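**Q** below is the sequence, then the predicted model.
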Amino acid sequence: MPRDPLIGIVGKPSSGKSTTLNSLTDANAKMGAFPFTTIDPNRATGYLQIDCACARYGKEDLCKPNYGWCSKGKRHVPIELLDVAGLIPGASQGLGLGNKFLDDLRQADALIHVVDVSGTTDSNGKATRGYDPLQDIEWLQDEIRLWIEGNLQKRWGTIVRRHTATKSPIVETLRAQFGGYGANMNMIAKAVDSIPDLPPLEEWDNEWITKMVKAFMKVKFPTVLALNKIDHPDADKNVSKILLKYPDTRAVLTSAITEVFLRKLAKQNYIKYEEGTEFIDTLEDLGEESGLKPLDEKLMQRVENIRDLVLYRFGSTGVVQVLQEAAKVLDLVPIFTVRNIQTFTE
Ligand SMILES: Nc1nc2c(ncn2[C@@H]2O[C@H](COP(=O)(O)OP(=O)(O)OP(=O)(O)O)[C@@H](O)[C@H]2O)c(=O)[nH]1
């Protein structure tokens, strides 16, 4: 049986990986049982929001999922997330935590690359001002590529000799090399097919190897950018730059810290907040019968700022959407099983 999909959260130190992970995993008490029993410290279960089949049939009352939960026709499906820490420029050469992060990465089926668009942290995560986050997108992809390329080049002579001796198809030879990254035959075939005019493997020079690794990365590690810290005043210009340079990249604007804060306020019963939306309601909006606690002036001001600077401007904090975008690249198809399609039970 194929294993459950795993989404890796990557990015330089202090870009907001842990905050993003927390904002996605702090599920409320409504959640049901979920399938991941042992979870190591950098793993957590996030909840992917999808439209539930119950709403199509007006059967919201009957909807009692075994995993996650359903609220007003929105199903929250558990999905495993992995915080891949320790990635800095030069990691593929052993800097920082070195190859440890790359080993973690192997298990991931898609990546969320958290980019700090406030420009207040340099490439090593140290506080600065006016840093250009465009660089972060490039070096992160480069580190992954250099790691895979390095592993290939170390054995290239042997790989070519064996390939020639066994007269294997390219896909077969590469499977032996890329299998360790959790890639299957289909993925490798897809990567090979995507390169036009690919010569026989024994003729590949470094340039062809790079092309192959890049094609493989696209298939094995499809990446969504979380352009994080959009609440910061310098974020706008950096976001525009990134979207202009990478128009085809999947990118979502996020403010992970805002999501964490809103979920906390909701849990403490100060606000009603529908995750993934722009709507927050306070006691002032809903009245005494809502049972909400009153906000003091300072908290009220913070909530107003969040409304103005994040929710109304961007439509949401973006974290729910970033997970949806990552799930999209995995081509997952939700199946809603019922025992009986007349009564919709079980
Ligand atoms: N303004 C703002 N700050 C944020 C946001 N998300 C995270 N931060 C802050 O950025 C800093 C780093 O966040 P972390 O989540 O610890 O970053 P990380 O990428 O996990 O860092 P490492 O553990 O060092 O790899 C913290 O001070 C957060 O409060 C955001 O959306 N907006």
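**A** Nice, thanks for sending it over. Numbers count the residues shown, from 1 in each chain.
**Q** any idea how far the helix or strand hosting residue 305 is from the chain center?
**A** Using DSSP states H and E, residue 305 falls within helix 297-306. Counting by C-alpha atoms, centre = their mean, to the nearest Å, helix 297-306 is centred 29 Å from the centre of its parent chain.
**Q** cool, and stretch 319-336?
**A** Computed by C-alpha atoms, centre = their mean, the chain-centroid distance of stretch 319-336 equals 10 Å.
**Q** what does it contact?
**A** With C-beta atoms under 8 Å, 6 or more residues apart in numbering as the contact definition, stretch 319-336 has outside contacts at 5, 7, 20, 23-24, 46-50, 52-54, 75, 77, 79, 109-112, 222-224, 226, 250, 252, 254, 256, 259, 275-276. Any C-beta I mention is one placed from the backbone N, CA and C, and that applies to glycine too.
**Q** just the buried residues of these.
**A** By neighbour count, with 16 or more other C-beta atoms under 10 Å, those hold 7, 20, 23-24, 46-50, 52-54, 75, 77, 79, 109-112, 222-224, 226, 250, 252, 254, 256, 259, 275-276 as buried.
**Q** residue 251 contacts residue 225, correct?
**A** Yes. Counting by C-beta atoms under 8 Å, residue 251 touches residue 225, with 4.1 Å between them.
**Q** what do the two both touch?
**A** By the contact definition C-beta under 8 Å, 6+ apart, residue 251 and residue 225 are jointly contacted by residue 242.
**Q** more neighbours: which of the two?
**A** More neighbours surround residue 225 than the other of residue 251 and residue 225, with 27 against 23 (other C-beta atoms under 10 Å).
**Q** quickly list what the more buried one is bridged to.
**A** For residue 225, the beta-bridge partners under DSSP bridges are residue 113, residue 251.
**Q** would you indicate which residues of stretch 111-125 are buried?
**A** By 16+ other C-beta under 10 Å, the buried positions in stretch 111-125 come out as 111-123, 125.
**Q** if we can go back for a sec, now narrow the contacts of stretch 319-336 to whatever sits close to the ligand.
**A** With C-beta under 6 Å from any ligand atom as the criterion, the contacts of stretch 319-336 include residue 256 near the ligand.
**Q** just the contacts of stretch 319-336: which are in helices?
**A** Mapping the contacts of stretch 319-336 onto helices (DSSP state H) picks out 20, 23, 24, 53, 54, 256, 259.
**Q** mind listing the strands the helix or strand harbouring residue 9 pairs with, and their directions?
**A** Element membership for residue 9, per DSSP H and E: strand 6-10. In the sheet, strand 6-10 lines up against strand 74-83 (parallel), strand 110-116 (parallel) (DSSP bridges).
**Q** if I look at the spatially most central residue of the chain, how far off is residue 275?
**A** Most central in the chain under C-alpha atoms, centre = their mean is residue 112, positioned 2.8 Å from the mean C-alpha point. To residue 275, residue 112 is 17 Å away according to C-beta to C-beta, to the nearest Å.
**Q** next one: the nearest residue to residue 68 once chain neighbours are set aside from the ligand, what distance?
**A** Counting by C-beta to C-beta, 6 or more residues apart in numbering, residue 68 lies nearest to residue 76, which is 4.4 Å off, once chain neighbours are set aside. Residue 76 is 22 Å from the ligand, where distance means C-beta to the nearest ligand atom, to the nearest Å.
**Q** got it, and residue 306?
**A** Residue 306 is 11 Å from the ligand, by C-beta to the nearest ligand atom.
**Q** verify the stated contact: that residue with residue 262.
**A** Yes. Counting by C-beta under 8 Å, residue 262 is a contact partner of residue 306 at 7.0 Å.
**Q** shared neighbours of those two, which are they?
**A** Overlap of the contact sets of residue 306 and residue 262 (by C-beta under 8 Å, 6+ apart) consists of residue 280.
**Q** residues contacting residue 269?
**A** With the criterion set at C-beta under 8 Å, 6+ apart, residue 269 makes contact with 291, 292, 293.
**Q** which residue does the stretch 51-200 of the chain have closest to the ligand?
**A** residue 85 (4.7 Å; C-beta to the nearest ligand atom).
**Q** number of nearby residues for that residue?
**A** By the criterion of other C-beta under 10 Å, residue 85 has 17 neighbours.
**Q** and for residue 58?
**A** Residue 58 has 9 nearby residues by other C-beta under 10 Å.
**Q** next SSE downstream of the helix holding residue 305?
**A** helix 312-314.
**Q** got the buried residues for that next one?
**A** residue 314.
**Q** next structured bit after it?
**A** Next along the chain from helix 312-314, counting by DSSP H and E, comes helix 319-329.
**Q** if you skip the residues just before and after it, what's nearest to residue 10?
**A** Nearest residue to residue 10, sequence neighbours excluded (C-beta to C-beta, 6+ apart): residue 84, at 4.8 Å.
**Q** report all helices and strands that the helix or strand containing residue 243 contacts.
**A** If you go by DSSP H and E, residue 243 is part of helix 235-245. Under the contact definition 3 or more C-beta pairs under 8 Å, 6 or more residues apart in numbering; DSSP states H and E, helix 235-245 sits against helix 134-154, strand 223-228, strand 250-254.
**Q** swap in 6 Å and give it another go.
**A** Contacting helix 235-245 under the criterion 3 or more C-beta pairs under 6 Å, 6 or more residues apart in numbering; DSSP states H and E is no other helix or strand.
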